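In: Mind looking at a prediction? Sequence and model below.
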Amino acid sequence: MGQLVAESVRFYGDHFRRCVWIGVAPAGLAVLTPHVSRTLAIILAPTLYGALLSATFVYASCIVLDARPTRRQLVLAWLAGWAVFAPVPFLVLAFILPALAWLAAFGLVVPVLVTQQVVVRAAFARAWQLARADFVHALGSFATLAIVVFLTQTVLVFLLRGAGGAAIDTALFLANAVIAPLLFVGAAYLYLDQAARVK
């Protein structure tokens with residue numbers, strides 16, 4: 001898990017100009033969320049948020065896996081990723097672990113569809129096969145990435161607000177824009193780790 005995070009950080013550093021765009025959607029959502037009502041946030045989480053975060057993961061998977069998918073593959077990967085993300089906001093309400101377990105089980109469907117020309121049903125079966133190759137590693141990797149990103153973003157927001165004197169929205173946007181790509185790059189790297197375990 002530590003190696004996966006280290007490889008993700010190294011890749012992010014080596015491809016910073018391409019990877020920093022990964023953080024734009026999460027950063028925008030981080031700024032938007034505090035300004036909407038709880039009811040609207042519950043509606044937006046599986047819809048708008050899911051669509052944007054799925055598109056972000058598709059883009060990250062293309063960069064990390066050096067994939068050049070067809071338009072059909074891109075659309076299928078985006079829709080499948082959206083479908084996987086849709087229940088996550090509700091699973092988080094129960095506790096964060098069920099959400100991470102769900103992502104570990106089926107989140108790799110996006111890189112599967114980006115790299116392979118398969119139907120969606122086969123892609124979900126492949127994602128589940130990859131997850132079962134070492135589920136503890138997959139779950140632990142998602143948990144580690146989430147913790148590292150959350151803690152780093154929190155510290156960066158605190159520093160930007162305190163020492164930098166930035167407004168809270170600006171601090172949230174900048175922290176998410178710079179740190180969030182690590183989560184998506186790491187998830188794409190997890191696909192390579194799990195695929196190596198299946199072979």
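Out: On my side now, so go ahead.
In: only C-alpha atoms for contact and neighbour calcs from this point on.
Out: Fine.
In: Just the buried positions in the helix or strand of the chain with the lowest mean pLDDT, please.
Out: Every helix and strand of the chain was ranked by mean pLDDT, DSSP states H and E. The lowest is helix 88-94, at a mean of 85. Of the residues in helix 88-94, those with enough neighbours to count as buried (16 or more other CA atoms under 10 Å) are 88-91.
In: Contacts made by the helix or strand containing Val75 with the rest, please.
Out: Using DSSP states H and E, Val75 sits in helix 71-85. The contact list for helix 71-85 (CA atoms under 8 Å, 6 or more residues apart in numbering) reads 46, 50-51, 53-55, 57-58, 103, 106-107, 109-111, 113-114, 117, 120.
In: Mind checking the pLDDT average for it?
Out: The average of the pLDDT scores along helix 71-85 is 97.
In: Render the CA-only coordinates of that helix in CSV, please.
Out: C-alpha atoms of helix 71-85 as CSV (Å, rounded to 0.1, in the frame of the first residue of the first chain):
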residue,chain,number,x,y,z
ARG,A,71,-15.1,7.1,-27.9
ARG,A,72,-17.4,4.2,-27.1
GLN,A,73,-15.0,2.9,-24.4
LEU,A,74,-14.8,6.4,-22.9
VAL,A,75,-18.6,6.7,-22.7
LEU,A,76,-19.0,3.2,-21.3
ALA,A,77,-16.2,3.8,-18.7
TRP,A,78,-17.8,7.1,-17.7
LEU,A,79,-21.3,5.6,-17.3
ALA,A,80,-20.0,2.5,-15.4
GLY,A,81,-17.9,4.7,-13.1
TRP,A,82,-21.0,6.9,-12.5
ALA,A,83,-23.1,3.8,-11.7
VAL,A,84,-20.4,2.6,-9.2
PHE,A,85,-20.1,6.0,-7.5
